[in-house]
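Student: this is the structure alone, sequence omitted:
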């Protein structure tokens, strides 16, 4: 019953403020690491920091599904495609949050390339749309995001990402509802070849810095354990990953003291 009330409050809040549309992160590996992944190369970098796509050398496609607090109306489905070329890497992404008469959609096209041996950069063009129960047509707008990645050495890496620096938003009957400008800064360090520690700090509009951290450990080859912590309030995530030649399956779980568990799963194919 608590979940039902909270869902209604969330949807009503979104209806009252059209700016409630979000830039939803995707990928079960990032989810399990509390999304402290701004410096980590991953097929789901199309939703985090496109500059780290430069670390991917093979064509990759992935699918992701998240059931937030096990509430059907708060589900998220996403897809990513990474296409490496000689001069750089293209990334394509799409996500849909919500169900029925309320939906948030995002489509993105990215290009990333190494500027030097250690420095990579990217830009992504985005289209956001939002459909509300009381509106016949969806509202939409175009914006962009850009990122950097710097490899100090084989073990230490730094990433920076800037989302919606032009402060674009949805034009409604009530006026322009801006989507916030977001900055993400982070680093990760690899230990002994089978452990990774990541840290990230995010800043959005008038909110304070939000910190995230993640730990990844591979006790057995092709089997990975993950955990993450973010706050405030403190949120704990866990997950596992399994590599099977050119297929990778990841599962993540998040826990909220009042709302319960959020499961997430993603599957990537490499060609």
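Tutor: Okay, I see it. As the structure is a computational prediction, the values presented were derived from the model and not from experiment. Numbers count the residues shown, from 1 in each chain.
Student: which secondary structure element contains residue 198?
Tutor: strand 195-204 (DSSP states H and E).
Student: report all helices and strands that that strand contacts.
Tutor: Judged by 3 or more C-beta pairs under 8 Å, 6 or more residues apart in numbering; DSSP states H and E, the packing partners of strand 195-204 are strand 182-191, strand 210-220. In short, each C-beta sits where N, CA and C put it, glycine included.
Student: 10 Å instead, please
Tutor: strand 156-163, strand 182-191, strand 210-220, strand 223-231 (3 or more C-beta pairs under 10 Å, 6 or more residues apart in numbering; DSSP states H and E).
Student: run a quick neighbour tally on the residue lying closest to residue 76 once chain neighbours are set aside.
Tutor: Counting by C-beta to C-beta, 6 or more residues apart in numbering, residue 76 lies nearest to residue 66, which is 4.3 Å off, once chain neighbours are set aside. Close neighbours of residue 66, defined as other C-beta atoms under 10 Å, add up to 24.
Student: do I have it right that residue 66 meets residue 44?
Tutor: No - when contacts are counted by C-beta atoms under 10 Å, residue 66 is not listed as touching residue 44 (11.8 Å).
Student: so of the helices and strands packed on strand 195-204, which one's packed in deepest?
Tutor: Comparing the helices and strands packed on strand 195-204 by mean neighbour count (mean count of other C-beta atoms under 10 Å), strand 156-163 ranks first with a mean of 20.
Student: show me what it is packed against.
Tutor: Going by 3+ C-beta pairs under 10 Å, 6+ apart, strand 156-163 lies up against strand 119-131, strand 139-151, strand 182-191, strand 195-204.
Student: picking that back up, what's the closest of the helices and strands packed on strand 195-204 to residue 83?
Tutor: strand 156-163 (20.3 Å; C-beta to C-beta).
Student: following that closest one, which helix or strand comes up?
Tutor: Heading C-terminal from strand 156-163 (DSSP H and E), you reach strand 169-172.
Student: give the partner strands of that next one in its sheet and their orientations.
Tutor: strand 175-178 (antiparallel) (DSSP bridges).
Student: any low-confidence regions in the stretch 151-271 of the chain?
Tutor: Within the stretch 151-271 of the chain, the stretches with pLDDT under 70 are 172-174.
Student: now do the stretch 1-150 of the chain
Tutor: In the stretch 1-150 of the chain, residues with pLDDT under 70: 1-20, 134-136.
Student: the strands in it, which residues?
Tutor: Applying DSSP state E, counting those that start in this stretch to the stretch 1-150 of the chain gives strands spanning 60-67, 75-84, 89-99, 102-114, 119-131, 139-151.
Student: okay, now the sheet partners of the strand holding residue 198, with direction.
Tutor: strand 182-191 (antiparallel), strand 210-220 (antiparallel).
Student: and that strand with strand 223-231, angle?
Tutor: Angle between the axes of strand 195-204 and strand 223-231 is 30 degrees (criterion: axes from the mean of the first three to the mean of the last three C-alpha atoms, to 10 degrees).
Student: correct me, but residue 54 touches residue 120?
Tutor: Yes - applying C-beta under 10 Å, one finds residue 54 in contact with residue 120, separated by 4.2 Å.
Student: between these two, which one's more packed in?
Tutor: For residue 54 versus residue 120, the count of surrounding residues by other C-beta under 10 Å is larger for residue 120: 26 against 22.
Student: done for today, thanks.
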